[in-house]
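Chemist: Test case, fold it:
(chains A and B)
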Amino acid sequence: MIATDSMADAPLSHPASAPAPAQADDTPLYVPRKKIYPQAVKGRFRTTKWIVLAVTLGLYYFLPFLRWDRGPNAPDQAILLDLANGRFYFFFIEIWPQEVYYLTGLLVLASLVLFLMNAVAGRVWCGYLCPQTVWTDLFYAVERLIEGDRRERMRKAKEKWSLETIAQRTLKHSIRLMIAWWTGGAWVLYFADAPTLVYELATFQGPPLAYIWIGILTFTTYVLAGFMREQVCTYMCPWPRIQAALTDEYALNVTYRYDRGEPRGSMKKNEVLKKQGLPAGDCIDCDQCVAVCPTGVDIRKGLQLDCIQCGLCIDACNTVMTKIGRPEGLIAYDTDMNVQVRMEGKPEVRRVVRPRTVLYAGLIVLAGAIMLTALAMRTNVGLSVMHDRNPLFVRLSDGSIRNGFTIRVANKTLDERRYALTVEGLPEAKLDIVGGEIDQQGRAVVTVGPDQTLEARILVTGGETTPPASTDLHFTITDLESGETAGANDHFKAP
Amino acid sequence: MAHETQGPVDSVTGVTMTGHSWDDIQELNNPLPRWWLRTFYATIIWAVAYFVAYPAWPLVSSYTKGVLGWQSREAVEVDLAALKTQRSGMTAKLAEASLEDIRQNPEVFSFALAQGKAAFGDNCAPCHGAGGGGAKGYPNLNDDDWLWGGSLAQVEQTIRHGARSTSDEGHQGSMPAFGRDGLLQREQISHVADYVRSLSGLPVDKAAKLDEGAKVYAENCAACHGDTGLGNMETGAPNLSDKIWLFGSDKAAIVEGLTNGRGGVMPAWHGRLDDTTIKALTLYVHSLGGGQQQ
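Modeler: Okay, here's the model as predicted:
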C-alpha cells in the first residue's frame, strides 16, 4: 500500500530496447516539487501537537539553564557535556569517557521505544516528536501569522511583489532566522556553563567554536524547517523506510476509511443516490484533508511514504463531518486490515498485545534493567595497572627481583580521597611507590583529587627465592573513606 | 575540448557516439560536465597563484621563494616558540625549585617526569636502553646499585659532568690493567678472580687458592674496592660483594677486567642539554626505581 505520488503518476518502466528518442525522454527523472501551503486547522490532534511542540522546544531551549548542586568541585549545570574535561553530567549521574557505554545503552533504549511506538501506532515519532516536524510546524505557524492562511498565501505567491508582501516576507524570514539562531544558541549551551556562555556570547568574548556551531545550526534549522520541510521526510530521512520493516498490519495508522467514504461525491448528489438505494459514501470530496496536510498528500490514496501521520487531516475531516451532520471518524487511527474486514462484513480486529509489541516491550525492560543494574553497581573508584615493558624485571644488589608497574587510580567522587593499594599473589612481595608513602601495613597510599585520576609508579620486589618466570598478581585499591574497592590483574616477571 | 557533432547518433539520447564499443556497450560523446571543467580550470588558476605566492620551483642552486616569503623552517621555529611559551610556566617552576621540592609537588613532578622521559629517549636510551635497563658495560638505572651514587644530587652530578669524560668536574678513576701492565701475574689474577667471586657468594672451584687471592686483593684491590669489597663511590669502584655485575660475573669476565682494566665513559651533558632538561632527567632517572634518599 505504500506508494508515493510520483510512483502513482509516472510509471518508471523504461523500455529496454529504446525505440524512439522522443518517447523515452518524456519521463522526467525527478518529480518537480509542489509548494505546500497547509491550511490552519483546529481539533484534538492539532491541540496535541501544540502541547508537544511547547514541551519539547521548552525543554530544548531551557534545560541548559537548569541548575543541579554537586558541591564545590563540579559544575552545577543539570545537563552538561564537558568535552574539554571529558565529563558528561546528567542530573545525579556523572559519566567519564570510558563509561560511554551508558550513552550507547540510552540510544539502544531510545530506538526500542521508537520501535514500540511504531508497532502500536505507526509514525508517532514523525508526526509529533521529530525535531524536523516540530520546527517545520513552528515555521508554518510564523508564516501563517504574518502572511495569512492557505488561500492568502497562495494568492500572494502568484501576485507581483508589493511593498506589503515584501515587508511581510522580510518579517517572516527575520523571525524564522531568530528562531533558528536561538536553536543554535541553545545547542552550544549544553557544552559549557550556560549563564557564563550567554554572557560571553553577548559580549563577543565567546569561544570561536561556539559562534561557528551557532552559525551551522542556525543555517540548518533555517534551511531544513524553512525551505526543505517535507522533502526532508520524503527524500532524506531513512526512518520512513526503516519503520516500514518494523511495523505490521495491526499497527494503528492515520487511515481513510474508504469502506465508509467511497464512492465519494458531492453532498447533495450522494444524498440523492442514498435515497435511491444506490452506493454512496460519506466523503464529500471537499479536499480539506489535502489542504491541511503539511506534506501535501491525499490520505485517501492510502498509507504512503510521504505521510508523516500527524493526524491533522483527522481534525479537518472531523470538522467537516460535524458541520454536515455526519459522524466523525471518516479519517481516523485505524488499520487497513480493519477496512478490508468491515467491507467483508466481519468483526474488527484490534490487537495491541502481539508478539512484536511484547518483544519490543520485553527488550525495553531488559535494556532498562541492565542499565539500572550497571548504574547501581557503578563504583566510584577505578584502577588500571600496566607492567613496565622495558626492563621486564630488575635484579637488585641483594639478588632479589623487582618489577615496575605504572598504575592509574581514578577518583570518581567529588571530594579528595585517599586510597590504599595492596598486591596479592607473591608471598614475600614488598610494595613500594615512587614519590608516595607506604603505610605501616605495607600498603601504598595515594591521594587523588576530586573527580581526577592519578598516575604513579609502583615497585614490587620479590623475596630471597627467585620466583618462577611469571606469577599472577592481583592489585586491589581501597577507598580509605568509603571502603569501596577496585582491582586489576597483572604478572610478576622473573628470569 | 572539441565536441564531435558528426557521426552516428544514439537513438535513445540523441547524443553523437564515439564509435567505441565494448561488449555492445556504446560510448556516447557527451561533453565534460561543466562543474568538473570549471573546477579543473580553477585548480590551474590556483596552481599559478600558488607558484607566485609560495616556494615552488627548484632552481640550480636555489628555488623560487614566492612573494609571501613563507618558509617551512620558519613555520617550525614559530611552532617551537609557541610550544616553549605554552610550557614556560611549568618550565619556570622546574628551573626555580630544588630537586627535592619538585618531588614534593605532584604537578611539577609529573611534568618533570614527562619531560625527563622524552629527553631520556633522545639522549640516554642508546646506551642505557629505552627503559634504563642497561646492558653489559652500561649500568642498569632501575636497580639499587650505583657506581657514583644514587641520590638526586649525585645523579645530577653524573649527568651534568659525566664519568671519565672530557669535563674537568667529571668523575675520575678507572680499573687499572693489572695484567697488561705487568702489575700482576697470570696465576695471581686467577686467584684474585676466584676470591672476588667468593666475596658475593658465587661458587668457586674447589682447587681455588682463596688465601692467595685474598692476599693479592688486600695488596692491590682493597684500596679502591674496600677491605670487604663494598666498593667506593669516590672512585667509581663497584661493590664486589653484591649480585650485580656490570661486565658479567663469570670468572673469564673478571679475569678480562683484571687483565685489561675497565673504564666505561659517561659523557658530560652540561652544555649540551639545558639546566631544566638535566633536572628533569635527574628526576626521571631517580624515579626509575633505583633512586636513593639523600
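Chemist: burial count for A:Leu392?
Modeler: Using other C-beta atoms under 10 Å in any protein chain shown, the number of residues around A:Leu392 comes to 19. Using the backbone N, CA and C atoms, a C-beta is placed for each residue, glycine as well.
Chemist: Kindly report the same for A:Thr471.
Modeler: With other C-beta under 10 Å as criterion, A:Thr471 counts 18.
Chemist: Could you tell me which residues of the stretch 151-294 of chain B lie near chain A?
Modeler: For the stretch 151-294 of chain B, the residues in contact with chain A (C-beta under 8 Å from any C-beta of the partner chain) are B:Asn239, B:Asp242, B:Lys243, B:Ile244, B:Ser287, B:Leu288, B:Gly289, B:Gly290, B:Gly291.
Chemist: Tell me who's in contact with the closest residue to the fifth one other than its chain neighbours.
Modeler: If the residues on either side of it in the chain are set aside, B:Ser287 comes closest to A:Val434, at 4.8 Å by C-beta to C-beta, 6 or more residues apart in numbering or on different chains. By C-beta atoms under 8 Å, 6 or more residues apart in numbering or on different chains, the contact set of A:Val434 is A:Ala456, A:Arg457, A:Ile458, A:Leu459, B:Ser287, B:Gly289, B:Gly291.
Chemist: so A:Leu171 sits right up against A:Glu143, yeah?
Modeler: No - counting by C-beta atoms under 8 Å, A:Leu171 does not reach A:Glu143; the two are 10.4 Å apart.
Chemist: which of these two has more neighbours?
Modeler: Between A:Leu171 and A:Glu143, A:Glu143 has the larger neighbour count (other C-beta under 10 Å), namely 21 against 14.
Chemist: does B:Gln26 count as helix, strand or coil?
Modeler: At B:Gln26, secondary structure determined by DSSP: H, G, I helix; E, B strand; the rest coil is strand.
Chemist: Report the contact partners of it.
Modeler: Contacts of B:Gln26 (C-beta under 8 Å, 6+ apart): B:Asp10, B:Met17, B:Thr18, B:His20.
Chemist: now, which of those residues sits nearest chain A?
Modeler: Taking C-beta to the nearest C-beta as the measure, B:Asp10 is the one of the contacts of B:Gln26 closest to chain A, at 8.0 Å.
Chemist: so where is the chain shaky, pLDDT-wise?
Modeler: If you meant another chain, say so; for now it's chain A. Low-confidence segments of chain A (pLDDT under 70): A:1-30.
Chemist: that's the wrong chain, I meant chain B
Modeler: B:1-6, B:294.
Chemist: mind checking the longest strand of it?
Modeler: strand B:17-22 (DSSP state E).
Chemist: That one pairs with which strands, and in what direction?
Modeler: Using DSSP bridges, the strands paired with strand B:17-22 are strand B:25-28 (antiparallel).
Chemist: can you give me the offset of the partner strand from its chain's centre?
Modeler: A distance of 63 Å separates the centroid of the chain from that of strand B:25-28, by C-alpha atoms, centre = their mean, to the nearest Å.
Chemist: Domain map for the chain?
Modeler: Assuming you mean chain A. As given by automatic domain parsing, the domain ranges for chain A are A:34-102+A:122-238, A:248-343, A:381-493.
Chemist: Sorry, I should have been clearer: chain B.
Modeler: Domain ranges of chain B: B:74-168+B:267-287, B:186-260, per automatic domain parsing.
Chemist: Make CSV from those and add mean neighbour count and distance to A:Arg155 to it.
Modeler: Formatted as CSV, the domains of chain B follow (neighbours: other C-beta atoms under 10 Å in any protein chain shown; distance: least, C-beta to C-beta, whole Å):
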stretch, mean neighbour count, distance to A:Arg155
domain B:74-168+B:267-287, 17, 62
domain B:186-260, 17, 98
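Chemist: I'd like the ones you listed written out as JSON lines, with distance to A:Met267 added.
Modeler: Formatted as JSON lines, the domains of chain B follow (distance: least, C-beta to C-beta, whole Å):
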{"stretch": "domain B:74-168+B:267-287", "distance to A:Met267": "80"}
{"stretch": "domain B:186-260", "distance to A:Met267": "108"}
